[in-house]
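Undergrad: the sequence and its predicted three-dimensional model are supplied below.
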Amino acid sequence: MRMSLAQRVLLTWLFTLLFLIMLVLKLDEKAPWNWFLIFIPVWIFDTILLVMLIVKMAGRCKSGFDPRNDSQNIKKKAWYLIAMLLKLAFCLALCAKLQRFTTMKLAYVFIPLWALLIGGMVELGYNIFYVRRD
């Protein structure tokens, strides 16, 4: 089952809208919800992306697959998996800090986000300045 680009955009827009509505209700103190409940749309969307990524990575295990044709693609998918896990770590740490489950400094909460941003900048630089040698 493959989703078209329009379906992916609509799904992304829907989860983002739902998250922002819940966030505004929480910040306006109209809803006394837990911060972990506010982030449920983000986690559902991330779970969908992680499952799709893991299924694509597991497709390499089927018979008849030639790993020489897909060496760059698996590196990119591994980076996507690491990026999703860093985003998940940041969201969990942020919710724990906002809910006052931990007395961790805010600088420590943002470490996964900083690592994600630095990794994204390295990936962007690699894609821009990498010259393929054929």
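TA: Arrived safely, thanks for sending. Model, not experiment: these values are computed from the prediction.
Undergrad: okay, which residue is most central for this protein?
TA: When CA atoms, centre = their mean is applied to the chain, the residue found nearest the centroid is residue 84 (3.3 Å).
Undergrad: ok, that residue - contacts?
TA: 46, 49, 50, 53 (CB atoms under 8 Å, 6 or more residues apart in numbering). For the C-beta atoms, the positions are set from N, CA and C on the backbone; glycine is no exception.
Undergrad: got the confidence number for it?
TA: Note on residue 84: pLDDT of 92.
Undergrad: buried ones in the longest helix seen in the chain?
TA: Counting by DSSP state H, the longest helix found in the chain is helix 71-98. For helix 71-98, the neighbour count (16 or more other CB atoms under 10 Å) marks 77, 80, 83-84, 86-91, 93-95, 97 as buried.
Undergrad: now stretch 15-35
TA: 15, 19, 22, 23, 26, 35.
Undergrad: let me see the mean pLDDT of that stretch.
TA: The average pLDDT for stretch 15-35 rounds to 94.
Undergrad: picking up where we left off before, need the contacts of residue 84 in a markdown table with pLDDT and neighbour count, can you?
TA: Shown next, in a markdown table, are the contacts of residue 84 (pLDDT from 0 to 100; neighbours: other CB atoms under 10 Å):
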| residue | pLDDT | neighbour count |
| --- | --- | --- |
| 46 | 92 | 17 |
| 49 | 88 | 17 |
| 50 | 89 | 16 |
| 53 | 85 | 16 |
